[in-house]
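Participant: Just a sequence and a predicted model for now, questions to come.
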Amino acid sequence: MTSDLEQIGGEMAFSPQRFQALTLSGRFSLRLIIHSAALQGKKVLLPECLCQVIVSELTRYNISFGIYSLGDTLEPIWPENFAQYEVIYLIQYFGMDFRSSLPETMPRDLIVIIDDVFSPLPRLPVLINPCYSFNSLRKISPLADGSILVANRPLMLDILGQANDGGFSAQKYLNKGIKHEFLSETVTGDNALAMERRFLEGFSKAEQLLDYIEGVPSISLESQYLALEFMANLEQERLHRKLNYLRLQQLLPELVLPMDVDFFSFALLRLPGQRDELRQMLATERIFLPVHWPEQPGFNSDCTLWLSVPLDSRYHGGHMSRIADKITAFYQVI
Ligand SMILES: Cc1ncc(COP(=O)(O)O)c(C=O)c1O
């Protein structure tokens with residue numbers, strides 16, 4: 001029932017309870033957080049498995065860090081002294097949701113950063129503490145760049161650069177185009193080899209460019225449209241990925257980490273060993289599986305036994321079977 005006094009129609013209202021920005025990639029959202037929350041010189045508690053980019057970004061701002069452990073399903077295990085830190089950094093690995101695993105009682109000024117790089121929309125917990133959450137669209141979609149940042153405190157938007165297509169993103173899209181042509185199988189023999197080399201070198205050059213970007217650039221113009229398109233097709237994509245995950249889990253039940261997620265990015269395999277040998281063998285079969293977090297001094301070396309399998313809609317059950325068959329055969333032989 002509605003009251004006759006309730007207004008109907010007119011322009012939609014909006015409650016500005018949240019702050020948001022669209023930056024070039026995850027590391028730039030982190031950089032905007034560092035500026036917005038004035039984290040320079042502070043102490044951050046980091047998880048034992050992470051990408052080196054996070055550490056470089058923090059070090060750049062003279063931020064020191066401690067390390068906390070992870071449980072069997074990668075949930076955080078907070079040390080007793082967590083409140084001695086000024087910031088806690090929570091990674092929502094592969095789209096899992098650990099917001100309810102945040103410490104029950106926290107000092108009010110403890111800053112919480114949620115690294116939600118694998119989620120289509122970064123998720124914020126309901127907290128009175130200052131809280132920031134960001135994703136990285138290039139990790140989960142065809143976009144070359146783009147990161148959504150949401151916060152319950154104002155962001156320093158005056159340092160956000162203009163959107164442009166120069167440098168990194170232009171390089172990435174150019175080489176994605178070459179890869180597309182290569183995969184369309186119209187090129188063969190030496191031409192195909194040369195083309196493959198070209199886009200692989202192009203990708204790695206673009207990645208190096210990213211390391212030299214100063215400031216906080218916005219998402220590129222090209223990616224703005226592609227982001228809307230990705231969001232418009234999200235439900236279909238979500239379902240497709242879930243089916244791929246279930247198939248792989250059925251085929252490799254002992255290796256695939258059980259995950260309860262809304263949106264699957266990658267399946268995580270926990271290997272009994274010989275990851276690099278397995279990767280090399282798979283590459284000879286033209287199966288290229290990513291390693292998200294290479295070993296880093298001081299951090300947990302268990303991450304070196306992880307391998308990720310893409311589940312997105314480029315692939316279907318047949319691809320999952322092919323990957324599973326090769327992995328099973330590899331471990332049967334060794
Ligand atoms: C967990 C995590 N956070 C942040 C980043 C940084 O994201 P980007 O490479 O999009 O800047 C990465 C990867 O590089 C990552 O794996």
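Facilitator: Cool, the structure landed.
Participant: The residue in the chain positioned nearest to the ligand - how many residues pack around it?
Facilitator: Of all residues in the chain, G26 sits closest to the ligand, at 2.6 Å by CB to the nearest ligand atom. Glycine gets a C-beta too; all of them are placed from N, C-alpha and C. For G26, the count of nearby residues is 27 (other CB atoms under 10 Å).
Participant: Next up, the contacts around it.
Facilitator: V53, D115, V117, F134, N135, S136, K139, S147 (CB atoms under 8 Å, 6 or more residues apart in numbering).
Participant: And for P103?
Facilitator: W78, F82, A83, I88.
Participant: switch the cut-off to 6 Å
Facilitator: W78 (CB atoms under 6 Å, 6 or more residues apart in numbering).
Participant: what does Y61 give?
Facilitator: I34, Q40.
Participant: Give me the phi and psi for it.
Facilitator: phi -110, psi 20 (degrees, to the nearest 10).
Participant: Just send the contacts of G26 back as a markdown table, with pLDDT and neighbour count too.
Facilitator: Output for the contacts of G26, formatted as a markdown table (pLDDT from 0 to 100; neighbours: other CB atoms under 10 Å):
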| residue | pLDDT | neighbour count |
| --- | --- | --- |
| V53 | 94 | 15 |
| D115 | 98 | 25 |
| V117 | 97 | 28 |
| F134 | 98 | 27 |
| N135 | 98 | 29 |
| S136 | 98 | 28 |
| K139 | 96 | 19 |
| S147 | 98 | 28 |
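Participant: for the residues you listed, which one is nearest D211?
Facilitator: V53 (8.6 Å; CB to CB).
Participant: Test my guess that that closest one contacts R27.
Facilitator: Yes - assessed by CB atoms under 6 Å, V53 is found in contact with R27 at 5.1 Å.
Participant: Name the residues of the stretch 51-200 of the chain found near the ligand, please.
Facilitator: C51, V53, I54, I91, D115, V117, S136, R138 (CB under 6 Å from any ligand atom).
Participant: How many residues are close by the third one?
Facilitator: Counted with other CB under 10 Å, the burial measure for I54 works out to 23 neighbours.
Participant: pLDDT value on it, please?
Facilitator: pLDDT for I54: 96.
Participant: what about the closest residue in space to G298 that isn't next to it in sequence, which SS state?
Facilitator: Distances taken as CB to CB, 6 or more residues apart in numbering put I67 closest to G298, at 6.9 Å, once the chain neighbours are dropped. Here I67 is strand, with the state taken from DSSP: H, G, I helix; E, B strand; the rest coil.
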